[in-house]
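A.B. asks: below are the sequence and a predicted model; questions follow.
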Amino acid sequence: MEKKKLVMIGNGMAGVRTIEEIIKLAPNQYDITIFGNEPHPNYNRIQLSYVLQGEKSLQDIIMNDWNWYNENNIALYTNEAIKSIDVPNKQVISEHGRVVDYDELIIATGSSSFILPVPGADTHGVIGFRDIHDCEMMIKSAKQYKKAVVIGGGLLGLEAAKGLLNLGMEVDVVHLMPYLMERQLDAEASKMLKNQLETEGMNFLLEKQTAKILGEERVTGIRFQDGSEVNADLIVMAVGIRPNIQLAKDSEIFVNRAIVVDDYMETSVPHVYAVGECAEHREITYGLVAPLYEQGRVLAAHLTGVQTKPYEGSITGTQLKVSGVDLFSAGEIIDDPSTKAIKVHNEFDGVYKKILIRNQTIVGIVLYGDTKDSTKLYKMLSQKEDISGMTSVSLLSSGCCGGGTEASDVAIMADEDLVCGCNGVTKGTIVEAIRTKNLKTVDEVGGCTNAGRSCGRCKSLISDILAYTLGDQYDTTAKKTAICKCTTLSRDEVVAEIEEKGLTNVREVMNVLGWKESEGCSKCRPALNYYLGMIYQEQYKDDRDSRLVNEKMHANIQKDGTYSVVPRMYGGVTTAEDLKKIAEVAEKYNAPLVKLTGGQRIGLFGLKKEDLPQIWEDLGMPSGYAYGKTLRTVKTCVGAKFCRFGTQDSMSLGIELEKKFERIDTPHKVKMGVSACPRNCAESGIKDIGFVGVDGGWEIYVGGNGGMDLRPADLLGTFKTDQEVMDITGAYLQYYRETANYLERTSKWLERVGLDHVKEVLANSDLRKALNIRLNETLKRYQEPWQQAIENDDVLAKYYQKNKVTVLN
Ligand SMILES: Cc1cc2nc3c(=O)[nH]c(=O)nc-3n(C[C@H](O)[C@H](O)[C@H](O)COP(=O)(O)OP(=O)(O)OC[C@H]3O[C@@H](n4cnc5c(N)ncnc54)[C@H](O)[C@@H]3O)c2cc1C
Ligand SMILES: NC(=O)c1ccc[n+]([C@@H]2O[C@H](COP(=O)([O-])OP(=O)(O)OC[C@H]3O[C@@H](n4cnc5c(N)ncnc54)[C@H](O)[C@@H]3O)[C@@H](O)[C@H]2O)c1
Ligand code: SF4
Ligand code: FES
């Protein structure tokens, strides 16, 4: 039966969580297409605050990497906004004119920063704080400028201000109201917060209304309505958000403040749903992930036909993510004649607690300085528990739950107590998952239950629950070593077990070593396939289905679902005959792009999957492995044959190296460069292995990287003959193959094991010889992949047939 088409507009937190839930419930029900306006896969927007505050890197906050989309057969179009929805024809149209049909459509477009409509708001140096781009702009500005002003003393403004302080800027926070975070705190708690932030260096300008942004080329300051001014090199507006609803409005979907939805997240138009910050449910829009994830869960069940309770709205609780500040707030915060308050104010310890009660139920909570009671109180509030039997002491000083809990406190938590507010996960769910799925780390608990995957505040409590449930078996360092969430074993342990138990294939390793997920995951399956191939040199039968998608297809998948073809050009040297073949193929298959690559060869881009085998047959050239964890390219300069500075024959050495080591599986991609003199035209100093011709021989450089983690290569040594160079290179490559973690580049590996250690290994002639023998045995295993594919009908049918699902596991 043909799958139904599900299209989602918006590749953010609420939308992608909904898709995760759909895949969990019915993995094969939909062909899924996602459009995202940002150039990234789904990342944790919440943790941008931690990135700015220097506690996490951008890489750390990716939640669903590119591979996740590939593995789940999701067509993802990033950096491509949907411009209109054709409701009658059930189609979406992107800004690039791409038209995609849908049976069901989810709008998950989130919100944008609200920029105050004052004169000068569009001046260079005025930004919001919503996405990776804003975060990068702030980090960049902090390197160039001194003074930042944040407008808005709410959650976002204070988290931004703290980040800018940590980046070394002077920071003023401008706030409209007489006290900070007036939506979450009362005056007393707010005063305590202001005092604490002032001691950290933040300066506050309260009751100030921005009238004008000053500056011509770039912002220089702000003028307020009272006529006063403040200087600024950077202005961050954090005065609230506005749901992205224009698209829905233009398509005549009913909108109010946001897109109006019913209790199953359906809009006024059948088969069109909205979820997340762009949705308005019972006149409320939410700006925190806990309710949005709840909406996503209901929508996923609805779309997969699983019975579910309707979404009836949420009560939210907030915390500020600034290190050293402990506060929690939920429900109402201001006393009125209909409420009674229990208050504790310990000025000595800087603790303030207030509970607001109406009709014997808790209706509001404000905690500052000690939030241990937050979980218990929040549960009572959200469940409208009758508290008539309780005293103020039993309400406020149980010491149960919340931040900073210890294992002994975990023991007295009830199973239904909430541990992770963002994801709605209780203690009972976590304990059961730890026991039944043999979980050992906080990340594994997150992978299984989602707890801890959003703001991360509950991670210490999850760690306490692990300690309480596992006792002595809980190893807080285990997370650092396990190769993925399916096992607690490290790379070294897995390799040792494979050798000791004589395990010969991926499935056997997972079965015998007690994998938690019987099918493994995208991290462990390619890694196991690699380790097995590295151990069983000549005889290992590659498990193609365990490889990452590009290697499985022997082609790089492009952002629009087409593929690229890059034939080998040994040492970057080609012939008229090869150029003709490439030109003919480009013409015959209408390649939209023919481009010289950075590795000195020619790439054909935008080709159809089903054309690939015929293209390679027409070309009759070896694959350049532009997609592989293997030797990619050997870049060469023209060298002594043509260049007047050249001392060595760089092209011949480059071709010899590429012909010898092509196709070999390595833990990560390997690039080489051969320059015939220290002018280094082939960039040998930033390659995994670089060769530089000098009088009487070659210098070999190792561990260079020209990519994201730029690293100059280290000199390994100087060698006289080409034969010595081949011998050292072979041994070096094999040592890397045998000791690196899968997906560890040589630059990282070399830093981990140490240059001196590697030099020592290679200086030992017995070891060097043995390494080369093992490498040469392995090299015998490889054949030209496209030649093999063309001759094998099963492979052709399985991987390259039109409309065939190519991701098979
Ligand atoms: C710095 C920061 C800190 C935060 N901290 C917390 C916190 O501690 N706790 C908490 O609960 N919440 C926090 N939030 C709020 C939380 O991040 C949001 O509630 C959540 O991300 C909303 O999810 P969403 O999917 O609705 O929107 P988003 O995550 O914004 O995703 C929407 C996506 O849709 C894309 N899009 C918009 N229009 C189109 C279009 N026409 N075509 C294609 N794509 C489109 C956008 O570019 C965006 O990538 C924080 C937010 C920020 C910015
Ligand atoms: N820790 C967290 O939970 C967290 C952190 C960051 C962001 N967020 C979410 O992100 C969204 C945006 O946060 P936010 O803080 O921008 O929104 P917000 O609406 O919560 O707060 C905006 C603040 O700006 C103030 N303000 C409004 N106009 C102003 C003006 N002209 N001058 C000075 N101050 C002015 C308001 O009084 C208010 O306190 C919210 O949905 C929030 O929940 C949550
Ligand atoms: S590296 Fe030296 S030999 Fe090679 S092209 Fe440049 S200048 Fe000439
Ligand atoms: S409370 Fe935010 S991730 Fe758990």
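C.D. replies: Yes, it's here. Remember, it's a predicted structure, so these values are computed and weren't measured experimentally. Numbers count the residues shown, from 1 in each chain. Ligands and ions are numbered 1, 2, ... in the order given.
A.B. asks: and the stretch 1-150 of the chain, which residues reach ligand 1?
C.D. replies: Within the stretch 1-150 of the chain, the positions near ligand 1 by C-beta under 6 Å from any ligand atom are 9-15, 35-38, 45-46, 48-49, 81-82, 108-110, 129-130. Just so you know, the C-beta spots here come from the backbone N, C-alpha and C atoms, and that holds for glycine as well.
A.B. asks: whoops, the chain was the one
C.D. replies: 9-15, 35-38, 45-46, 48-49, 81-82, 108-110, 129-130, 156, 244, 247, 276-277, 287-290, 292, 321, 422, 455.
A.B. asks: quick one: residues in contact with the longest helix seen in the chain.
C.D. replies: Scanning the chain for the helix with the most residues, using DSSP state H, yields helix 722-739. Residues outside helix 722-739 that contact it (C-beta atoms under 8 Å, 6 or more residues apart in numbering): 534, 652-653, 656-657, 660-661, 664-667, 670, 689, 691, 697-698, 700, 702, 716-717, 719, 746, 749, 753, 758, 761-762, 767-768, 771-772, 774-776, 778.
A.B. asks: filter those residues down to the buried ones.
C.D. replies: Buried by 16 or more other C-beta atoms under 10 Å: 534, 652-653, 656-657, 660-661, 664-667, 670, 689, 691, 697-698, 700, 702, 716, 719, 746, 749, 758, 761-762, 768, 771-772, 774-775, 778, out of these.
A.B. asks: could you pull out the helices for the stretch 651-800 of the chain?
C.D. replies: With helices called from DSSP state H, counting those that start in this stretch, the stretch 651-800 of the chain shows them at 722-739, 746-753, 755-763, 765-779, 785-790, 793-800.
A.B. asks: and these: which comes nearest R601?
C.D. replies: Closest to R601 of the helices of the stretch 651-800 of the chain, according to C-beta to C-beta: helix 785-790, at 15.4 Å.
A.B. asks: and the average pLDDT for stretch 298-315 is what?
C.D. replies: Per-residue pLDDT values across stretch 298-315 average out to 95.
A.B. asks: one more: stretch 123-138?
C.D. replies: 96.
A.B. asks: C-alpha coordinates for it, CSV please?
C.D. replies: Extracted in CSV, the C-alpha atoms of stretch 123-138 (Å, rounded to 0.1, in the frame of the first residue of the first chain):
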residue,chain,number,x,y,z
THR,A,123,20.5,49.6,12.7
HIS,A,124,23.5,47.3,12.4
GLY,A,125,24.3,45.8,15.8
VAL,A,126,20.6,45.3,17.0
ILE,A,127,19.7,41.7,17.2
GLY,A,128,17.2,39.3,18.9
PHE,A,129,18.2,36.0,20.6
ARG,A,130,16.4,33.2,19.0
ASP,A,131,18.7,31.0,16.9
ILE,A,132,22.2,29.9,16.2
HIS,A,133,22.8,32.8,14.0
ASP,A,134,22.0,35.3,16.8
CYS,A,135,24.1,33.4,19.2
GLU,A,136,27.1,33.4,16.8
MET,A,137,26.6,37.2,16.2
MET,A,138,26.8,37.8,20.0
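A.B. asks: which of the helices of the stretch 651-800 of the chain sits closest to V351?
C.D. replies: Of the helices of the stretch 651-800 of the chain, nearest to V351 by C-beta to C-beta is helix 746-753, at 45.0 Å.
A.B. asks: buried ones in stretch 643-663, by neighbour count?
C.D. replies: Per 16+ other C-beta under 10 Å, stretch 643-663 contains these buried residues: 643, 646-658, 660-663.
A.B. asks: meant to ask about stretch 574-585
C.D. replies: Buried, per 16+ other C-beta under 10 Å, within stretch 574-585: 574, 578, 581-582, 585.
A.B. asks: now, the most widely separated pair of the residues you listed?
C.D. replies: T574 and V585 (14.1 Å).
A.B. asks: now the residue in the stretch 701-809 of the chain that ligand 4 sits nearest to, nearest residue through space, not along the chain?
C.D. replies: In the stretch 701-809 of the chain, the residue that lies nearest ligand 4 is L743 (26.5 Å; C-beta to the nearest ligand atom). Leaving aside its chain neighbours, L743 sits nearest to H668 (5.5 Å; criterion: C-beta to C-beta, 6 or more residues apart in numbering).
A.B. asks: the one you found: what's it in contact with?
C.D. replies: 629, 740, 742-746.
A.B. asks: pLDDT and distance to K194 added to those residues, as CSV?
C.D. replies: Shown next, in CSV, are the contacts of H668 (pLDDT from 0 to 100; distance: C-beta to C-beta, whole Å):
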residue, pLDDT, distance to K194
K629, 95, 53
A740, 94, 51
Y742, 93, 50
L743, 90, 46
E744, 92, 47
R745, 94, 47
T746, 96, 51
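A.B. asks: many thanks, I have nothing further to ask.
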